[in-house]
Every structure is written in C-alpha cells, then in structure tokens.
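[1] the following block contains a protein sequence and its predicted model.
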Amino acid sequence: MRKEDLEKEGFDPNFFTNYWKNQKGDVYLFCFEFGFLKKNRKW
C-alpha cells in the first residue's frame with residue numbers, strides 16, 4: 001500500500017511496537033503483527 005493511503009486511514013508511522021533490521025540494512029517497522037518497509041522509489 002502507498003504511504004498516503006495508510007495515512008488517510010489513520011496510520012501513524014511514528015507509532016510502532018517493534019522493529020527489525022535485515023542484513024542489507026533495511027529497517028522494518030512493526031505495529032503489532034503488521035510490518036512496514038519504507039521504499040525509496042527512483043523512477
């Protein structure tokens with residue numbers, strides 16, 4: 001889902017219950033069982 005769509009539904013990216021960093025350095029933020037990864041799109 002796009003960040004804008006989540007924010008319209010009330011999602012706050014500053015609230016998370018856990019995080020996980022993989023070997024590539026990507027940080028996943030979790031809100032309970034749902035994980036989110038911010039992707040930088042270069043078009």
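    Arrived safely, thanks for sending.

[2] chain center to stretch 3-14: distance?
    From the chain centre to the centre of stretch 3-14 is a distance of 10 Å (Cα atoms, centre = their mean, to the nearest Å).

[3] what do you get for stretch 10-21?
    6 Å.

[4] same thing with stretch 22-42?
    So, by Cα atoms, centre = their mean, the centroid of stretch 22-42 is 5 Å from its chain's centroid.

[5] so what touches it?
    3, 6, 11, 13, 15, 16, 17, 18, 19, 20, 21 (Cβ atoms under 8 Å, 6 or more residues apart in numbering). To be clear about C-beta, it is placed using only N, CA and C from the backbone, and glycine gets the same treatment.

[6] all strands for this structure, in order.
    Ranges of strands within the chain are 18-21, 27-31, 34-37, based on DSSP state E.

[7] partners of the longest one, with directions?
    Strand 27-31 sits in its sheet next to strand 18-21 (antiparallel), strand 34-37 (antiparallel), going by DSSP bridges.

[8] deepest of these, which one?
    strand 34-37 (a mean of 12; mean count of other Cβ atoms under 10 Å).

[9] leaving out chain neighbours, which residue sits closest to residue 15?
    Counting by Cβ to Cβ, 6 or more residues apart in numbering, residue 31 is the residue found nearest to residue 15 once chain neighbours are left out, at 6.6 Å.

[10] number of residues surrounding the one you found?
    14 (other Cβ atoms under 10 Å).

[11] how far away is it from residue 23?
    Look at residue 31 and residue 23: by Cβ to Cβ, to the nearest Å, they are 23 Å apart.

[12] same check on residue 33?
    22 Å.

[13] now swap in residue 14 and tell me
    Residue 14 is 26 Å from residue 23, by Cβ to Cβ.
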